[in-house]
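Participant: Pasting the sequence and the predicted coordinates here, then a few questions.
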Amino acid sequence: MDLLDDSAIERKLAGLPEWRREGDEIRRTITAPDFPAAIRVVDEVAVEAERLNHHPDIDIRWRTLHLVLSTHDAGGLTELDFTLAARIDEIAASHA
Ligand SMILES: C[C@H](O)[C@H](O)[C@H]1CNC2=NC(N)=NC(=O)C2=N1
């Protein structure tokens, strides 16, 4: 996977307003209606992560999830991070 340059990253982030960049990572927070719903979000994200062979760091705090994406293998942000970010947004929206 090729690393994206700053202008490509900015362009992609413009289409993903829930995500913000921090250096070599992008992050978003999801607040689900309750704890079981938050776990269902994690479960669906896990299925997608396996499908893409790309795995977010996930911090679970009651019904709030903090997700971080980066392509460690490539040492920064790649297309894969933004593909998974868009899927995570769809999953989050379906549990809102
Ligand atoms: C060997 C395996 O393909 C790699 O370790 C994959 C697995 N999932 C991954 N997930 C993420 N987020 N970054 C990676 O670099 C990565 N690498």
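Facilitator: Cool, the structure landed. Residues are numbered from 1 along each chain as shown.
Participant: Stretch 2-12 close to the ligand?
Facilitator: No: judged by C-beta under 6 Å from any ligand atom, stretch 2-12 stays clear of the ligand, getting no closer than 11.6 Å. Yep, even glycine has a C-beta here, placed from its N, CA and C like the rest.
Participant: Kindly report the same for stretch 38-45.
Facilitator: No: shown here: stretch 38-45 not in contact with the ligand (C-beta under 6 Å from any ligand atom), separated by at least 11.7 Å.
Participant: which other residues reach that stretch?
Facilitator: Residues from elsewhere that reach stretch 38-45 (C-beta atoms under 8 Å, 6 or more residues apart in numbering): 30, 32, 56, 58, 60, 62-65, 67, 87-88, 91-92, 95.
Participant: how about that stretch: buried residues?
Facilitator: For stretch 38-45, the neighbour count (16 or more other C-beta atoms under 10 Å) marks 38, 41-42, 44-45 as buried.
Participant: next one: stretch 53-61
Facilitator: The neighbour-count check on stretch 53-61 (16+ other C-beta under 10 Å) flags 54, 56, 58 as buried.
Participant: Might one say that the last one is in contact with His66?
Facilitator: By that I understand Ile58. Yes: with contact defined as C-beta atoms under 8 Å, Ile58 counts as touching His66 (7.3 Å).
Participant: so Leu52 touches Ala86, yeah?
Facilitator: No: look at Leu52 against Ala86 with C-beta under 8 Å: they stay out of range, at 11.0 Å.
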